[in-house]
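**Q** only the shape, not the letters, is given here:
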């Protein structure tokens, strides 16, 4: 008599084990993420804990089911073939081991192909990875046991598990109005720039453009790109989002000729956001010195911040990202990661920084709880610091910055992780600041200017925020108690907007982000 299980039993066993494995994996990743928040001292009640777990099942669950299913199918086919004639009695542990290895390999493959360093946040450390692959091993063991047994109790309940994983509806579409294109004209000043990142104006009419691969370029007063990059730029770590970021002339550049540069330095395994300054003379940087290096070092190549601005008192603000995989560091004053720092012109610490007398804090920190600040302006008239920062899937924020305050990441956010998992149960939390405005879905904000020119009086006092995803500039109106996204501009460019600046002539200047990026001038018709 043939004792081999029927194909129908195998299929039913596989489907049941797949669903249960996906549910276990979803629940496990939620617990790991919530425990990380609890490790920061965040209080999460039972209701919030259970609610987050259930929401992740509905939103993250389908994503994880697809990811887990690919590796599970291959691993179980291999395990079943390997134990068909030999080691039949060992099939459950073999299937369990194969499922664990299959999920581990799937995670590694996805992380290698996806833009984020680690797509599933729960797998950022060894403990989380082991916990996730353990859920796969349970599913593998269950499959082998069910496939080799008579149909009965173990095959029941699969349909109920399937019903748990319902794909969530999409976020509502953005409905801000677009400005009529006849209100302005777009002129390409320079093209052929390699991922331009930042633009600055010099007193003599020249412009400076940074290229992310590590080059500083000069645009002449007549609008011509000089063929040779500026020599003497510090060595830059260029990979993925890492590279040369902002160039900022000193406030006394006309006499000192000093430039400040922010950039990624180090290696893929250990890197930092760094700040250096040098003197621009005869098309080269001399007297280059590193002034600041964010600590501790981090691995990966994402979320550096890198924007700079001068405050009215002559001190310098520099934004620092959370490194993507290090989001909890943004709540730790012992780390620069996920903060904004304030420095003197020589890189020293101002004596009135908010945490300068806290022995457990990095004295350079000005504010904390940030994800990845890539828009920064200082308004001389109101003496306000305004920033925007990237959320994950939604939750991009505009914030008004005050010294010593906590801006919430990752304890409070309106965004979800890229896998639709909840980063936190909270959109607001005691002791953290609420944003003036948040975008959900995300616009992926980039450069930002507070327009104060004369050419577009209807936009004076508005923030002009570049959008990488929306491929437009968003005009944001500020008020004492908030901000409003009024309209989208310049979308006919059809390009990712990396930087937005108000020129000395009152025109608006844009940098488009691509291997063949452009410097574009916007003026009235």
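**A** Nice, thanks for sending it over. Small disclaimer: the values here were computed from a predicted structure and weren't measured.

**Q** any stretches of the stretch 51-200 of the chain with poor pLDDT?
**A** Along the stretch 51-200 of the chain, segments meeting pLDDT under 70 span 149-182.

**Q** and with 50 instead?
**A** The stretch 51-200 of the chain contains residues with pLDDT under 50 at 150-178.

**Q** and the helices in it?
**A** 91-113, 126-147, 158-164 (DSSP state H, counting those that start in this stretch).

**Q** same check on the chain?
**A** With helices called from DSSP state H, the chain shows them at 7-38, 46-82, 91-113, 126-147, 158-164, 253-256.

**Q** next, format those helices as CSV and append distance to residue 292 and mean neighbour count.
**A** C-beta coordinates here come from the backbone N, C-alpha and C atoms, glycine included. As requested, those are exported to CSV (distance: least, Cβ to Cβ, whole Å; neighbours: other Cβ atoms under 10 Å):
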stretch, distance to residue 292, mean neighbour count
helix 7-38, 28, 20
helix 46-82, 37, 18
helix 91-113, 30, 20
helix 126-147, 31, 21
helix 158-164, 49, 13
helix 253-256, 19, 13
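
**Q** could you export those as JSON lines, including distance to residue 229?
**A** Output for these, formatted as JSON lines (distance: least, Cβ to Cβ, whole Å):
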{"stretch": "helix 7-38", "distance to residue 229": "42"}
{"stretch": "helix 46-82", "distance to residue 229": "42"}
{"stretch": "helix 91-113", "distance to residue 229": "31"}
{"stretch": "helix 126-147", "distance to residue 229": "42"}
{"stretch": "helix 158-164", "distance to residue 229": "56"}
{"stretch": "helix 253-256", "distance to residue 229": "19"}
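
**Q** relative to residue 204, which of those is closest?
**A** helix 253-256 (8.2 Å; Cβ to Cβ).

**Q** how about low-confidence regions in the stretch 251-400 of the chain?
**A** If you take pLDDT under 50 as the line, the stretch 251-400 of the chain has no such spans.

**Q** ranges for the strands of it?
**A** Taking DSSP state E, counting those that start in this stretch to define them, one finds strands in the stretch 251-400 of the chain at 258-266, 271-281, 284-293, 308-310, 316-319, 339-343, 365-368, 373-379, 384-389, 396-401.

**Q** got it, and the stretch 401-525 of the chain?
**A** All strands of the stretch 401-525 of the chain, identified by DSSP E, counting those that start in this stretch, fall at 437-439, 445-450, 463-467, 472-479, 482-489, 497-502, 508-512, 517-523.

**Q** and residue 45, how far from residue 137?
**A** Going from residue 45 to residue 137 by Cβ to Cβ, to the nearest Å gives 32 Å.

**Q** same question, residue 461
**A** Distance from residue 461 to residue 137, by Cβ to Cβ: 59 Å.

**Q** residue 475 too?
**A** In terms of Cβ to Cβ, residue 475 sits 53 Å off from residue 137.

**Q** okay, now residue 183: neighbour count?
**A** Residues lying near residue 183 (other Cβ atoms under 10 Å) number 13.

**Q** what separation do you get for residue 299 and residue 385?
**A** Taken as Cβ to Cβ, the span from residue 299 to residue 385 is 30 Å.

**Q** more crowded one of those two?
**A** Using other Cβ under 10 Å as the criterion, residue 299 and residue 385 rank with residue 385 on top: 21 against 14.

**Q** contacts only, for the closest residue to that one other than its chain neighbours.
**A** In space, residue 385 comes closest to residue 401 once its chain neighbours are excluded; the distance is 4.0 Å by Cβ to Cβ, 6 or more residues apart in numbering. Contacts for residue 401 (Cβ atoms under 8 Å, 6 or more residues apart in numbering) come out as 340, 366, 367, 384, 385, 386, 387, 407.

**Q** and the gap between the residue nearest to the third one when sequence neighbours are not counted and residue 364?
**A** Counting by Cβ to Cβ, 6+ apart, residue 340 is the residue found nearest to residue 367 once chain neighbours are left out, at 4.8 Å. The spacing between residue 340 and residue 364, counted by Cβ to Cβ, is 9 Å.

**Q** any buried residues in stretch 387-404, and which?
**A** In terms of neighbour count (16 or more other Cβ atoms under 10 Å), stretch 387-404 has its buried residues at 387-401.

**Q** and if you look at stretch 448-465?
**A** 448, 449, 450, 451, 453, 455, 456, 459, 462, 463, 464, 465.

**Q** same deal with stretch 193-206?
**A** 193, 194, 195, 196, 197, 198, 199, 200, 201, 202.

**Q** which residues sit against stretch 345-353?
**A** 250, 275, 291-292, 314-316, 342-344, 356, 363-366, 403.

**Q** may I see the PyMOL selection of the buried members of those?
**A** Buried residues among the contacts of stretch 345-353 (16+ other Cβ under 10 Å), as a PyMOL selection:
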select buried, resi 250+275+291+292+315+316+342+343+363+364+365+366
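
**Q** which one of the contacts of stretch 345-353 sits closest to residue 230?
**A** Using Cβ to Cβ, residue 250 comes nearest to residue 230 of those, at 15.5 Å.

**Q** and residue 264, which of the helices of the stretch 51-200 of the chain is closest to it?
**A** helix 91-113 (19.5 Å).

**Q** show me what that closest one is packed up against.
**A** Here helix 91-113 touches helix 46-82, helix 126-147, going by 3 or more Cβ pairs under 8 Å, 6 or more residues apart in numbering; DSSP states H and E.

**Q** so that helix versus helix 126-147, what angle?
**A** Calculated by axes from the mean of the first three to the mean of the last three Cα atoms, to 10 degrees, helix 91-113 forms an angle of 140 degrees with helix 126-147.

**Q** from the rest of the structure, what touches helix 91-113?
**A** With Cβ under 8 Å, 6+ apart, helix 91-113 has contacts from 21, 25, 67-68, 70-72, 74-76, 78-80, 82-83, 87, 117-120, 123, 129, 132-134, 136-141, 143-145, 148.

**Q** stretch 252-260 now?
**A** Contact with stretch 252-260 is made by 202-203, 208, 246-250, 275-281, 285, 291, 308, 316, as judged by Cβ under 8 Å, 6+ apart.

**Q** same thing but 10 Å
**A** 200, 202-204, 208, 216, 230, 233, 246-251, 275-281, 285-288, 291, 308, 310, 314, 316, 318, 343, 345, 347 (Cβ atoms under 10 Å, 6 or more residues apart in numbering).

**Q** and the end-to-end length of that stretch?
**A** Stretch 252-260 has an end-to-end distance of 12 Å (Cα to Cα, to the nearest Å).

**Q** tell me what residue 385 is bridged to.
**A** Under DSSP bridges, the beta-bridge partners of residue 385 are residue 378, residue 401.

**Q** the closest residue to residue 119 other than its chain neighbours and residue 103: what is the separation?
**A** In space, and not counting its chain neighbours, residue 119 is closest to residue 110: 5.3 Å by Cβ to Cβ, 6+ apart. Residue 110 sits at a distance of 10 Å from residue 103 (criterion: Cβ to Cβ).
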